[in-house]
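Q: how does the following fold in three dimensions:
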Amino acid sequence: MSVGTGTVALSLGLCLCAGQLVATPAASAAPISTAAAVKSVKPKQTVKYSKRTVTWGSSVKVTTKLIDPKNGKKVVYGSVRLQSKINGKWKTWQTKRTKTGTVSFTTRPGTSSWYRTYYTGTKGLTPAATKAVKINVKASGAKILAEAKRHKGAPYRFGASGPKRFDCSGYTMYVYRKAAGKKLPHKANSQQRYGSAVSKSKKKAGDLLVFRSGSYGTHVGIYAGGGYMWAAPHSGSSVKKQKVYASNYVVRRLV
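A: Presented below is the predicted three-dimensional model:
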């Protein structure tokens, strides 16, 4: 075989042995890297809630700490989101960058809901969420008044219980159910038997006022503080904040 033939044989991975061509392992087309690929891992996270049960209008502080498990150091890159679950989906309320390994949020929950913090990830660290925690929100006088005020200007209509028109007991029935989940009957006289009795001198904003003729309840309103109340007064009028106009009434506390 000529030199040229031997050159071709070697280029094809063949060896000339005792006059015969024998196959040899082919050379790799590309060198194998000895450096292992960098593997992303989840950060170690802890989260603390200042309160798990709050009255409506109160704040909750949420603090998350992140540690890189590869080196035990604080995670100082990436962002953290504060999320709550609404209709089965996580909604982001606030987003902050982590610069010290600790991120704090202050939130004011409107309703009882599940919360979590979510790290968005960075090089070498994958996105990760903390375990969901439920924050329970209790109704308060402030929540009752907020709902009462929402219907300012709604026309009075006898027998109506909202959400666009109300009579007096239909209005209080709607507000307490919407704001506090309290069920009241659609009748002023019957409403005075619900909740707990409170003296006039100790009434608070959000309490139910039942005005009476003798001992019979004829009209209802929601005490707003400072001698005023929210009510659906009478035909031809609309929901408004007005002075407590009479002294023959009882106070019932529902929240």
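Q: low-confidence bits of the chain, can you list those?
A: The model of the chain has pLDDT under 70 over residues 1-38.
Q: mind listing what's buried in the longest helix anywhere in it?
A: For the chain, the longest helix by residue count, based on DSSP state H, is helix 168-180. Residues of helix 168-180 classed as buried by neighbour count (16 or more other C-beta atoms under 10 Å): 168-176, 178-180. All C-beta spots, glycine's among them, are computed from the backbone N, C-alpha and C.
Q: residues near residue 40, how many?
A: Neighbourhood size, residue 40 [other C-beta atoms under 10 Å]: 13.
Q: correct me if wrong: it contacts residue 125.
A: Yes - Residue 40 is in contact with residue 125 according to C-beta atoms under 8 Å; the separation is 6.2 Å.
Q: all the helices of the stretch 51-200 of the chain, residue numbers only.
A: 141-150, 168-180, 188-191 (DSSP state H, counting those that start in this stretch).
Q: still on that earlier bit, between the buried residues of helix 168-180, which is nearest residue 215?
A: Within these, the smallest distance to residue 215 is 16.8 Å, found for residue 169 (C-beta to C-beta).
Q: ok, now which ones touch the closest one?
A: By C-beta atoms under 8 Å, 6 or more residues apart in numbering, the contact set of residue 169 is 184-188, 191, 220.
Q: and what of residue 173?
A: Counting by C-beta under 8 Å, 6+ apart, residue 173 has contacts 161, 183-186, 191.
Q: and residue 172, by the same measure?
A: Here residue 172 is in contact with 184, 191, 208, 220-222 (criterion: C-beta under 8 Å, 6+ apart).
Q: how about a cut-off of 6 Å?
A: By C-beta atoms under 6 Å, 6 or more residues apart in numbering, the residues touching residue 172 are residue 220.
Q: which of the contacts of residue 173 count as buried?
A: Buried members of those, scored by 16+ other C-beta under 10 Å, are 161, 184, 191.
Q: hey, what's the first one bridged with?
A: In this entry, residue 161 is beta-bridged to residue 166, by DSSP bridges.
Q: residue 170 is in contact with that one, correct?
A: Yes - counting by C-beta atoms under 6 Å, residue 170 is a contact partner of residue 161 at 3.3 Å.
Q: shared neighbours, the two?
A: residue 186.
Q: so which of the contacts of residue 173 comes closest to residue 90?
A: residue 183 (31.6 Å).
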